[in-house]
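Colleague: Have a look at this fold, sequence not included:
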């Protein structure tokens, strides 16, 4: 089925990724670990733009930028250079932003997404390095504010701006692109996407091959989808009413879910880009092989390998490889000789991942054995995104034990799920939990006893069932389950009941 | 204490008396001064001197006072670029050169007056008023490092630091009859130097003799990781103090003796070249055909960079702040009310030169000219060891003479800007006089060949008395 794109929607995204896993800022030695700090405590003459201070490039940031470029299939430029983008704003301490212009570190590349009608390439125009400005904090609400405070802790953080081609045809495709980008960046271990402001999105949208409108101030992926849905509807309505779409920049008001005009083409800034005289052009081409060697197996490659090496559906392969930690966790489980890889895929992708996401856990740590993948053992630790004091952890050995116990009939499927929940909520190993909660299946004779007791104690229900009321059987099964405190397998209880009643 | 001391004189006096006494007597001289060379003196100067006396601070410049141009950041000491917009700004950090000087035991005695943000050739655009030329109080000291040159010429400090973006060390050195060096671009860290035009400027020393220039360079020169344009190329400056120019090949560019060069100035320079010949050097003419475009290219690049460098002065983080109903109005008013006219002119022209639609015509064209100017120097240095020319086409002009005609003032930079475009080192040494005013001989060297420059300048000094001339009446 081919997606017709009835409204001729074209979406291009500019994504700013903050490389918050670097230890220091882009042009100075200030620590990047400012998120829980007092305002203006992670600053120095350089990132405060004090007179006379000069920038020095963070080589690790260059390496990370190259990693990102290579992972997006971009051409790495021979020689890269910084430019000044001149504009006045209080969060910009130098009155210009040091960014890249005609020699961005990474040129054309692409990202593969699951589009409206199957896999689809989204072109990457470029990826470049630049510095983050500070943050404005209004005293009270913006309209009644008595003043504005400026926090320069963020000033000078490394941003990578990834610019896509206008290749997305719907908000859904835009969302998929963002998810894929996030997945790739997570694999590269260059940033923590859960930190505030780690990924910021500007969108360019047009309909029916008309003028594009830029939508700024989108702070989440969900927000991106909403902003795009609104903006497409707005543009279509405007045209339907005989209006015209003109080149402009609009601001997304997240609370109201609408976009508002910020400036039109006539008032567009002239940024007066020119080469940053305080930083020399940098030759990076020679460094490509060394950086490429540090790239991990990326989601698409991993997914293809999973399909080849393990028995699983493509859906599972995608679900398991969108996150590297989950993928490694899966492999540690699936490699166990007693576990069927397809079974493992169901348990990890459908059950475990569901429980993990239900608790809104962000993976904040993992241990594994041995040192290089594929790992024979992986333990994941997570913290609740809203309340980091709530933490959980689970090892691949736990899951192996659970799947093994289910397979050999020691515990029921439901108990297996219950064990995962208990480990995540209360801790403990699978073995301990199963014992402590008495989840191991009871012996058949206990069930048989419960069945005969149930038949003896519930004459009316037995008569109803024998009289043709099938529903009464459910009641009797329930009574058996009650007697065995839920430890019996319901199907087995039903079978035993039917057999006893027919005899 | 006698005036006009060299570093070795100062050291001798310290040995006989104390560093504290030397510093105190300089502070007294400054107190009595009538030339307005300093913007402030340092409260910490005497403390440093006392520490030297106690042996707590040592080093090659232990106890030697040095005056610092007001655009070089000094921790705890006001640094204003002689601009109202930096009124009250006290840097929380030291420039690289200040760190080096302190480590060498030097006594930062005070900050010196300058053209606002180093934009000028006369020190008249300072918010503190003009500095008077010690040779003639009705004349300008040159600029933009006018204060740094004048205080050395007046004996109010043995040595000083200036900065040279398009002649700002050499011009006042020539006008005040002292020695001034602009090092190779990248030889001295700019970390802490408040930028006017980053790709052109260098910090440089001023002194009464070449020996002292070399001594200061040995302290402030060399690589600094905090300046990405700093180059790791160690030079032993004092080792170059050799009185020998035999075989030295001097190139004399015709273009530097063009229309408008004062005849006495021209004569003094030719006499100096004749002296070199007598000392065993040879000279020949060299053509530098792109010199005529250098001035326009220089001002285009300098103003473009300045328009961006000076954007940070918006009243938000430091300096005075004007009232306004929103931030943009506040920032605009702050800038309109606190930048001087010349600074505003250069910001506007630079903004224009970088604007969409004009950048190709001005800024990018200027960069092309810059390449051509560099090539002129490369060709010249293929045949000559050094080049010689008048530093300034004329001696110090009268205060107020060129205030109403900025273009005529820009034109006086014609012989000093090409070296900044090319990044080559150059030194101005006294070589005679014109109507009783000092004349500077400019010696230009190849990239990182300061050793040859210093040898040539030192030999001249050893064989002539021009550098011993002092202004008649001071204080």
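Modeller: Everything's here; your move. These numbers were taken from a predicted model, which means no experiment stands behind them. Numbering: from 1, shown residues only, chains lettered A, B, ... in the order given.
Colleague: Doesn't residue B:40 belong to a helix?
Modeller: No: counting by DSSP: H, G, I helix; E, B strand; the rest coil, residue B:40 falls outside a helix, being strand.
Colleague: from memory it sits against residue B:79, does it?
Modeller: No: counting by C-beta atoms under 8 Å, residue B:40 stays clear of residue B:79, with 9.5 Å between them. (C-beta placed from N, C-alpha, C; glycine too.)
Colleague: Would you list the phi and psi of residue 208?
Modeller: Unless you meant another one, I'm taking chain A. With angles defined as degrees, to the nearest 10, residue A:208 sits at phi 50, psi 40.
Colleague: quick one, what contacts it?
Modeller: A:7, A:8, A:239 (C-beta atoms under 8 Å, 6 or more residues apart in numbering or on different chains).
Colleague: and the first one, which of the three is it?
Modeller: In other words, residue A:7. Of the three states, residue A:7 takes coil according to three-state DSSP.
Colleague: Excluding residues flanking it in the chain, which one is nearest it?
Modeller: Nearest residue to residue A:7 in three dimensions, chain neighbours excluded: residue A:207, at 5.0 Å (C-beta to C-beta, 6 or more residues apart in numbering or on different chains).
Colleague: Residue B:40 and residue B:79: which is more packed in?
Modeller: residue B:79 (26 against 17; other C-beta atoms under 10 Å in any protein chain shown).
Colleague: what helix or strand is the more buried one on?
Modeller: Using DSSP states H and E, residue B:79 maps to neither a helix nor a strand.
Colleague: which residues of the stretch 201-350 of chain A fall in helices?
Modeller: A:221-240, A:288-292, A:299-309, A:314-321, A:324-334, A:341-345 (DSSP state H, counting those that start in this stretch).
Colleague: Of these, which is nearest chain B?
Modeller: helix A:288-292 (21.2 Å; C-beta to the nearest C-beta).
Colleague: Quick one: residues in contact with the closest one.
Modeller: Contact with helix A:288-292 is made by A:63, A:66, A:67, A:70, A:76, as judged by C-beta under 8 Å, 6+ apart.
Colleague: ok, now how distant is the first one from residue A:103?
Modeller: Read it as residue A:63. Counting by C-beta to C-beta, to the nearest Å, the gap from residue A:63 to residue A:103 is 17 Å.
Colleague: For the closest residue to residue A:37 other than its chain neighbours, which three-state class applies?
Modeller: Closest residue to residue A:37 apart from its sequence neighbours, by C-beta to C-beta, 6+ apart: residue A:153 at 6.3 Å. The local conformation at residue A:153, judged by three-state DSSP, is coil.
Colleague: residues in contact with residue A:153?
Modeller: A:34, A:37, A:39, A:40, A:41, A:42, A:43, A:134, A:135.
Colleague: Let's see which of these end up in strands.
Modeller: Among the contacts of residue A:153, DSSP state E puts residue A:135 in strands.
Colleague: Could you dump the contacts of residue A:153 into TSV with neighbour count and pLDDT added?
Modeller: Converted to TSV, the contacts of residue A:153 look like this (neighbours: other C-beta atoms under 10 Å in any protein chain shown; pLDDT from 0 to 100):
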residue	neighbour count	pLDDT
A:34	21	94
A:37	12	94
A:39	16	96
A:40	15	97
A:41	12	97
A:42	24	97
A:43	23	97
A:134	24	97
A:135	16	94
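Colleague: number of nearby residues for the residue in the stretch 351-475 of chain B positioned nearest to chain A?
Modeller: Proximity of the stretch 351-475 of chain B to chain A (C-beta to the nearest C-beta) peaks at residue B:354, 3.9 Å away. Neighbour count for residue B:354, taken as other C-beta under 10 Å: 25.
Colleague: Low-confidence regions, the chain specifically.
Modeller: I'll assume chain A. A:141-143, A:265-268, A:442-445 (pLDDT under 70).
Colleague: ah, I was thinking of chain B
Modeller: Using pLDDT under 70, chain B drops low at B:1-2, B:473-475.
Colleague: residue boundaries of the strands in it?
Modeller: Using DSSP E, strands in chain B cover B:38-41, B:65-69, B:107-112, B:159-164, B:179-182, B:202-207, B:249-253, B:282-286, B:386-390, B:426-434, B:437-445.
Colleague: Quick one: closest of those strands to residue B:128.
Modeller: Distance to residue B:128, taken as C-beta to C-beta, is lowest for strand B:38-41 among the strands of chain B, at 5.6 Å.
Colleague: Got the phi and psi for residue A:413?
Modeller: Torsion angles, degrees, to the nearest 10, at residue A:413: phi -60, psi -50.
Colleague: how close does it sit to residue B:319?
Modeller: As judged by C-beta to C-beta, residue A:413 and residue B:319 stand 72 Å apart.
Colleague: So for those two, which residue has more residues nearby?
Modeller: Higher neighbour count among residue A:413 and residue B:319: residue B:319, with 20 against 11, using other C-beta under 10 Å.
Colleague: The helix or strand containing residue A:479: which residues count as buried?
Modeller: Using DSSP H and E, residue A:479 falls within helix A:471-483. For helix A:471-483, a neighbour-count test (16 or more other C-beta atoms under 10 Å in any protein chain shown) marks A:472, A:473, A:476, A:477, A:479, A:480, A:481, A:483 as buried.
Colleague: List the residues that contact the residue nearest to residue A:341 when sequence neighbours are not counted.
Modeller: For residue A:341, ignoring the flanking residues on the chain, the nearest one in space by C-beta to C-beta, 6+ apart is residue A:310 at 3.9 Å. Each residue near residue A:310 by C-beta under 8 Å, 6+ apart is listed here: A:334, A:341, A:342, A:344, A:345.
Colleague: do you know how far the residue of the stretch 351-475 of chain B closest to chain A is from residue B:278?
Modeller: Separation of residue B:354 from residue B:278 (C-beta to C-beta): 50 Å.
Colleague: sorry, back to before: can you tell me which of the contacts of helix A:288-292 is nearest residue A:378?
Modeller: For the contacts of helix A:288-292, the nearest to residue A:378 is residue A:67 (23.0 Å; C-beta to C-beta).
Colleague: Just give the number of residues close to that closest one.
Modeller: By other C-beta under 10 Å, 22 other residues sit near residue A:67.
Colleague: Check what contacts the strand or helix carrying it and list those residues.
Modeller: Using DSSP H and E, the element containing residue A:67 is helix A:59-71. Here helix A:59-71 makes contact (C-beta under 8 Å, 6+ apart) with A:17, A:19, A:21-24, A:26, A:75-76, A:80, A:105-106, A:109, A:127-129, A:158, A:160, A:162, A:184-185, A:187-188, A:190, A:282, A:284, A:287-288, A:291-292, A:294-295, A:298.
Colleague: ok, and for that helix, which residues are buried?
Modeller: Neighbour-count burial for helix A:59-71 [16+ other C-beta under 10 Å]: A:60, A:61, A:62, A:63, A:64, A:65, A:66, A:67, A:68, A:69, A:70, A:71.
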